[in-house]
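1. One predicted model, sequence on top.
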Amino acid sequence: MRLSAGQDLNARGASVTSQQGAIIADAGRDVNLTTAQNTQFADEAHKFKGKNGLFSSKTTTTRDTVNQTQAQGSTLSAEQTYVQAGRDINVSGSNVVSTNQTVLAADNNINIEAATESSSERHDKSVKKSGLFSGGGIAVTLGTQQQSVKDLTTSQTAAASTVGSTKGDVLIGAGKSYRQVGSQVTAPEGSVDITGQTIDVVEARNTSKRERETLFKQTGFTLTVTNPVISAIQTTQQMKQASEKTDDGRMKALAAATVLLGGNNAATAVAMNPDMAGGLNISLSLGTKKNESKTTQTSDSAAGSTITAGNDVRLRATGAGADSDITVQGSQIKAGRDASLMADGDINLLAANNTSQQNTDSKGSSASVGIGFSVGGTKTGFTLDLGVTGNKGQADGDELTHTNTTVEAGNQLLLASGGDTQIKGAVASGKKVIADVGGDLNIESLQDTNTYKVDEKSLGFGVSLCIPPFCTGMSTISGASGNFGATNIDSNFASVTEQSGIRAGDDGFDINVRGNTDLVGATIASSDKAVQDGKNSLVTSSLTSRDIKNKADYDANTVSVGGGYNEIGKDQKGNVQTGGKATPGTDLAKNENQFGANMPIAISASDNASSVTRSGISGGAVVITNDAEQQKRTGQTAEQTVASLNRDVSSDRDGSNSLKPIFDEDEIRAGFEIVTAFSNEASTFLANKAREADLKRKQAKALQEEADKTVGLTDTQRMNLQFSARQLSAEANNISENWGAGGTYRQITTALIGAAGGNISAGNAAFVQGLVVNYVQQRGAGYIGDLVAKGELTEGSPLHAALHGIVACAGAAASSQSCGSGAAGAAASSLLTGLFSQSSPDESEEQREAKRNLIVSLVTGLAATSASVDPTAANTAAGAAVDNNWLATQQIVQYKKELAEAKGTEVFSVFAKWAFISSKQDVLTQFGVGKGLARAGWNDVEGLAQFVANPIEGLKGLKELIANPEVQQQFRAGFLKEVNDKIDTITNALEVGGDKNAEALGVALGEVAWQVGSIVTGVGTAAKGVAGLAKAGIKVGTAELDRMANLARMEKIAAENAKNRNPSSSMTDHETTILADRNVLEAKPQPSGKILREVEVSSGEKGAWSKELNKPEPNTIYKVDGNKVYQTDDLGRVDSVESSLSLDKNDRNTYQQCVAGKCGIDGDEGGHLIASIFNGPGERLNLLPMNGNLNKGVWKSMENKWASALRDGKSVDVKIEPVYTGVSIRPEKFTVTYKIGSERPVRETYVNSPGGI
């Protein structure tokens, strides 16, 4: 069958088929095979109206609209199909197929493209209720309610064209350009040949956009019933639902504890009034509320092209000189046998981008006025309740992924370009890969990225008026409440998910590059067998490479503060309420001015992960032909560059080292909900304990007054009354001592809340660590409170704020929170404690609880509005500081005057003003503390917190330690004098309390702790040093003390050596210390004479490294994993390691590698004694500073030899002995003895320098 046209041949939605013969379609100009359009439209609407129970009606309105346009392509199908054009061939959404052979030939261009199909769907739904219906929880509403959803989705998708032959070949020849877009060219049993001046095989695009709007409106009268038992049941249900959203065992356990605590609080309320089950609050309000949100989601993704053949695929771009390029983007080429891409110009193998965005905006508001009725609790009667709330939120997410290009040959792949070859977001593979590149070869892996941010805020106010005689037990003055909440989430992800590169099989690679070869997180790899057989070769003018760092992190926090005036309690969700909206039994503690606050909630969740996608080239010949160009590009010679290459790559395994997403919003929000509920129940529990103590004291006072009557009582009656009064007083004191400020149970509860909210994403170990550190932090704050009580420290002074800042900084750092935020929170609360009114002997437990919550709420609220302060760390530190400072004795005159003049809610303005002054005044303190700790190099923050908890006594103890003549003989006099002067300065500052330079105070405290630690361990054993420091209140481990002592010894030796070299020198002690270069000291430490101890231990893995192996002890034999034996010297350095090697790969510890590298000199990196591929530990014990060229050069070659022997089934036994000079931790050289199978032992010595010589 022949179709001919003198000019154009057009087929639109047509089908031409020949079952047995051929089809020939030719035109003098163009052949156009295009699509017809099929359109479908549907519009369906429904309205349902009927009863919704006995007393309400419900109207549901829906409308669904669908509009679709589909492409109906043209088809040419025959035994053989031939298409020829004098100008262009255009195939759009159509098919050109045959059984035995398909040929397309055009003098100009051939375009095989996908057609576009579109779709638009709109789904609207509105539900209106009127009458009586559920108002949520234990509530019923009489009024109207409307819920509506508007959902619009539009999309455009690609409808591919197909050119193929089921049993024969596909031949395509274009006189100018060939372009294939989102389409298929296939020959399952034949070959595909494509020629043209330019060849583009690229992706089509699929796009979509969805807009969803939701609306909720309600107006009417709402009747709400609250009761402690009902509230406990609702809490149980919420905790059950939240637990189902998380896999974290800690959160599940905390949810269970919350249920128990809520039950206890309900039981306490019921016990106070069993007849009314703890009390009943009823609220009838006329209100309106409205919530609305709009979400927009867009996506743009690739629909790639494919070229597949059972035999060969050949692409040839020629005829336009340097402009004859081949570009394959977001598409796949696959040949059963050989594949070749040849271009006179460039070859570009590129990835296609896929993007998606999500934006959500939400807001809501409510207002109500009504009548509240309370009965059975502490209050009875009617109130007039008014309230208003508002909220808004925004969530934005952006994601970028890639559809990588793949070119795959079952046998041989040939890439030949006259210009550059780019492989970016692509993989070129074959059993053998041959590349001949006339320009540069650039191979680069691409990272997928994702960002997500959430910002939510809420605010609410309420007023309750009690109008006698309609209510009793309540003040006639109005009550007021306020609540503020904020949630912020920030998540970021960037990782290579598929590594780009050339991947050869067992026949290896043969690559010749006339320009530069550049690898960015990419590899030129072959199978291990090809490496063994020596089949790999790369010849290039120059070579550059770099790695790609992958990272994932998120940081989320939620803050909730609430307080009020006069009659205030909480609803089931923990919001502060007044009147009938508050649950009976949840009354907040109030101070003498009738102000109170709920326990502030500040919770965080954070995590991070990282990895490195390394560049590398599999083992084989690498020849750099232009040494001058190489040095110009890298500063290294050709030989050095080759030696530094990463050769540990193989096409047999994935080397991308990609990250998996670590962010799960649902789990984080579930954790927030659980910790918030626990904190709310704990707040109620502590307030109940305060009231219980007050009640017992009140009862004791009444009994004592009764006993003091002079008439009407017998001696026995009087004694009984006095005994009962003393007993009640003792019970009240016992409650205060355990649950009041400074009480053990109170400190543990505060520590538990701080640990749970500190980072809900942390593991069990971090949770326990946070619990311990928070408790220690409070003990330190408690001692500072004692100083205030004794008159040795001024409450609210800069020095007082500084001490709290130090303890809070140590606690926050040990809990992986912000040191500055912890210091800011503690310092601000310390000053505010001094600003509040004088504590008196008659101050009740309830008033103290109210003061505590008010201060911590102010600090947490200020932190929540600051971009630089972590509210969680500030909240924990502020709570610890305030809990242990009730014995305030100092007033600030100006504040007292302003507070006395304040009327009603003006008190809030006074609080805000002095909170601002607090933050401003303590800035230097928090920075000074952080700088002091960092400069001192202190690692054991728990030990430092204990030292600062009793600084005066601790410094006295340190001074006694360094007064020992035996100690003084070990160190230069100037060094000891410096320490003595610092101790005198700090002691004087602490006793006088007038040091205004808070920053200098923090620095001095940190430095003196380190210096004295180094001194006391310079005499005798580390154990002796531990005992000595313990008397001064400092707790550190023996390994840390050994490190201190080593550094101190080195300073002394350096100073002595410097003087010996120049006896007439008049250098100062400071100048001689500068000469103490820790890597070039010549002195050799004397043997300690210690007996070696043996330790059997297993190496760790990512996320669970062995602490013991990360801090090796001196004079110890470590037997690791049953097949490696390490021995350390008297400085804790590895003397030797022996191992029978295996090919069991162990995890790398990039952090410890970095640390080890930094301990050396420029050009060093952390080198493994036993490589990770031989199951070498990732811990510090197995890592030493090693010259990077040595590590990647001859050392790596030696390891490759061992690996090859192991793969051949031979045994490999090695012994490695680092050789040190003096006290340096950097080996001068390495002696390596190894034995392979039955061969003779080999002994090599490598100097720790480039090339090992």
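-> Yes, it's here. Numbering: from 1, shown residues only.
2. How about the secondary structure of S560?
-> strand (DSSP: H, G, I helix; E, B strand; the rest coil).
3. Can you tell me how far it is from D571?
-> 13 Å (C-beta to C-beta, to the nearest Å). Placement of C-beta: from N, CA and C, glycine included.
4. Between those two, tell me which one has more neighbours.
-> S560 (28 against 20; other C-beta atoms under 10 Å).
5. Surely the more buried one touches N483?
-> Yes. Between S560 and N483 there is a contact under C-beta atoms under 8 Å: 7.3 Å.
6. pLDDT below threshold where in the stretch 1051-1200 of the chain?
-> 1051-1091, 1147-1160 (pLDDT under 70).
7. 50 instead, please
-> 1051-1090 (pLDDT under 50).
8. now the helices for it?
-> Remark: helices assigned in the stretch 1051-1200 of the chain by DSSP state H, counting those that start in this stretch are 1069-1074, 1107-1110, 1150-1158, 1188-1192, 1194-1207.
9. got it, and the stretch 201-350 of the chain?
-> Under DSSP H, counting those that start in this stretch, the stretch 201-350 of the chain gives helices at 228-243, 249-272.
10. Could you tell me the least trusted of the ones you listed?
-> The weakest mean pLDDT among the helices of the stretch 201-350 of the chain belongs to helix 249-272, with a mean of 59.
11. thought R122 was touching A45?
-> No. If you go by C-beta under 8 Å, R122 and A45 don't touch, sitting 11.3 Å apart.
12. Identify the contacts common to the two.
-> R63, D64 (C-beta atoms under 8 Å, 6 or more residues apart in numbering).
13. out of the two, which sits in the more crowded spot?
-> Between R122 and A45, counting by other C-beta under 10 Å, R122 is the more crowded of the two (16 against 10).
14. What residues does that one make contact with?
-> R63, D64, T65, K150, D151, L152, T153.
15. go with 7 Å
-> T65, D151, L152 (C-beta atoms under 7 Å, 6 or more residues apart in numbering).
16. Please apply the same query to S183.
-> Counted by C-beta under 7 Å, 6+ apart, S183 has contacts I112, E113, A114, A160, S161, T162, S305.
17. mind running it again at 10 Å?
-> For S183, the contacting residues are 91-95, 111-115, 158-163, 201-204, 303-307, 331, by C-beta atoms under 10 Å, 6 or more residues apart in numbering.
18. go on, G1176?
-> 1099, 1120-1121, 1124, 1137, 1139, 1141, 1144-1146, 1148, 1168-1170, 1182-1183, 1199.
19. Kindly supply the ChimeraX command isolating those of the residues you listed that are buried.
-> Buried members of the contacts of G1176, defined by 16 or more other C-beta atoms under 10 Å, are picked up in ChimeraX with:
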select :1099,1120,1121,1124,1137,1139,1141,1146,1148,1168,1169,1170,1182,1183,1199
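20. Out of the contacts of G1176, name the ones that lie in strands.
-> Judged by DSSP state E, those include V1120, K1124, V1137, S1139, H1168, L1183 as members of strands.
21. who does the strand or helix carrying Q640 touch, helix- and strand-wise?
-> Assigned by DSSP states H and E, Q640 falls within helix 638-643. Secondary-structure packing of helix 638-643 (3 or more C-beta pairs under 10 Å, 6 or more residues apart in numbering; DSSP states H and E): strand 537-546, strand 621-624, helix 627-634, helix 1188-1192, helix 1194-1207.
22. Which of these has the lowest mean pLDDT?
-> What stands lowest among the helices and strands packed on helix 638-643, in mean pLDDT terms, is helix 1188-1192, with a mean of 86.
23. got the contact list for the helix holding Q640?
-> So helix 638-643 is in contact with 538, 540, 542-545, 617, 621-631, 633-637, 1188-1197, 1250-1252, going by C-beta under 10 Å, 6+ apart.
24. do that again at 7 Å, thanks
-> Against helix 638-643 from outside (C-beta under 7 Å, 6+ apart): L543, V622, I624, D627, Q630, T634, N1189, K1192, G1193, P1250.
25. Show me what secondary structure element comes after it.
-> Assignment by DSSP H and E places the next element after helix 638-643 at helix 665-707.
26. Next, the angle helix 665-707 makes with the helix or strand that that following helix is followed by.
-> Following helix 665-707 in sequence order, the next helix or strand is helix 715-739 (DSSP H and E). Interaxial angle of helix 715-739 relative to helix 665-707 (axes from the mean of the first three to the mean of the last three C-alpha atoms, to 10 degrees): 160 degrees.
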